[in-house]
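> the following block contains a protein sequence and its predicted model.
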Amino acid sequence: MTLLAVLTKLAWKPLLSALIARQTHIEHQLRTAEDSRLRAEKMLETITARPGIIQQAAEQAQRHQQEMAEKARQEVLAIRRRAQDEIESARARRWRTCGSRQVTSFCEWAAKCSAER
């Protein structure tokens, strides 16, 4: 009986305070979970009340993708045009430098051939 009285006096208060702390913690966690559930339900109601939001976002994303693809296509065409212009310019320069020499050489050759006949 004395042992029971000593244990009750020494162990009961720490044990009881630990149980109360645990109960308080569990109650706090339950309130937090309930608040989270209510927020989630409210968000779900907002989304389902306005189903067009998701559709609008998808359409906007698709328009953006098409715009970016068109912009990239235009850039590719511009690069291709610049490259073709550069090639044509290089050909013209080459023709002016090499072509005139070739024409002169051809004329000299033709004159030589006709003189031999």
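Received, thanks. Because the structure is predicted, anything quoted here is derived from the model rather than measured. Numbering: from 1, shown residues only.

> please count neighbours and contacts with C-alpha atoms only from this point.
OK.

> need the longest helix for this protein.
Ordering each helix of the chain by length in residues (DSSP state H) puts helix 2-49 first.

> any idea of the mean pLDDT for that helix?
Averaging pLDDT along helix 2-49 gives 87.

> report the distance from that helix to the chain centre.
43 Å (Cα atoms, centre = their mean, to the nearest Å).

> now swap in stretch 82-93 and tell me
The chain centroid and the centroid of stretch 82-93 are separated by 37 Å, computed with Cα atoms, centre = their mean.

> what is the orientation angle of the helix or strand hosting Gln84 with helix 2-49?
Taking DSSP states H and E as the criterion, Gln84 maps to helix 52-94. Here helix 52-94 points in a direction 60 degrees away from that of helix 2-49 (axes from the mean of the first three to the mean of the last three Cα atoms, to 10 degrees).

> circling back: show me what the longest helix of the chain is packed up against.
In this structure, helix 2-49 packs against no helix or strand, with contacts taken as 3 or more Cα pairs under 8 Å, 6 or more residues apart in numbering; DSSP states H and E.

> if we use 10 Å, what do you get?
helix 52-94 (3 or more Cα pairs under 10 Å, 6 or more residues apart in numbering; DSSP states H and E).
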